[in-house]
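1. structure, please.
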Amino acid sequence: MTTSSHLQLRDLKAPDSRASIAAYELAADYHSPALLNHVLRSWHWARGFAAMESRSTFDDELLYVAALLHDIGIAEPFDNHTLSYEEAGGHIAVALTTGAGWPRDRRVRAKDVIVRHNWAAVDPSTDLEGYLLEAGTALDITGARSGDLPSSFVNEVLKKYPRLSIAHEFTACVSAQAERKPSTAAQRIVDSGLEQKMLKHPFEAARSE
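-> Numbering: from 1, shown residues only. Coordinates of the predicted model:
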C-alpha cells in the first residue's frame, strides 16, 4: 500500500466494478459540479487517511460507492420528506448495489457507511469504511485534520476537483434539510456552525490566495 508521504493522485484508481461505475454515473447525473467534486474529493481524502494510518483491510469498492452516494439524498428527486438525507442516500445505495448483484449483508453495509458519515465520530475497529468516509467528509466540509495529509497530495486533488461553490451550496442544502427535518443530523451540523466553518475552510482560503 502506498505510504502517505509518497501518496500521489495517480496512485488512487477508482474501482471499475459495475456498482462503482453506476455510482459515479448517478452522482454525476444528479449532483451539481460542486457537489460531484465534493463526493470525489471525499473518497480521495478517505483513501489518504487510510494510507497515512497504514489501514489496508478496507473494502475500497464499498468505500467508493458510499463516498459517491453519501450526499445523493440531498438531490431533489431523492429528497425524502421524513428521513434524513444520509438515510435516504443509504437506501439509494441499497437499491443500486442490489442491481449490481451485491449480497444483502454488503448492501446493508453500504447503507450503514453512508448513514455514519454524519456521525460525530466512527470507531474504526467496528466500521473501518464508515470511519474513513467520516474522516474524508469532515475534512472536506469542516476542515477537520486539514494539516494531516501531505500538502502535495492535497494540492493535486484540489486542482483536479476544485471546490467551486461548495461552501455556499452545501450550506444552503443542509440548512434546508435542517429546517424541514429538525430532528435529523442536519440540524446538529447547522448548529455546530456549518456556514462559518465552510467559509473559513483552509482549502477555501488557499483557493482565494
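2. ok, and the helix or strand in this protein with the lowest average confidence?
-> The least trusted helix or strand in the chain, going by mean pLDDT, DSSP states H and E, turns out to be helix 202-208, with a mean of 73.
3. which helices and strands sit right next to the host helix or strand of residue 176?
-> Counting by DSSP states H and E, the element that carries residue 176 is helix 166-180. Contacts defined by 3 or more CB pairs under 8 Å, 6 or more residues apart in numbering; DSSP states H and E place helix 166-180 against helix 33-52, helix 185-191, helix 194-199. Every residue, glycine included, has its C-beta placed from N, CA and C.
4. which residues does the nearest residue to residue 169 once chain neighbours are set aside contact?
-> Nearest residue to residue 169 in three dimensions, chain neighbours excluded: residue 34, at 5.1 Å (CB to CB, 6 or more residues apart in numbering). Contacts of residue 34 were listed using CB atoms under 8 Å, 6 or more residues apart in numbering, and they are 163, 164, 165, 166, 169, 170.
5. let's have the residues you listed in JSON lines, adding distance to residue 15.
-> Formatted as JSON lines, these follow (distance: CB to CB, whole Å):
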{"residue": "163", "distance to residue 15": "24"}
{"residue": "164", "distance to residue 15": "25"}
{"residue": "165", "distance to residue 15": "28"}
{"residue": "166", "distance to residue 15": "24"}
{"residue": "169", "distance to residue 15": "27"}
{"residue": "170", "distance to residue 15": "25"}
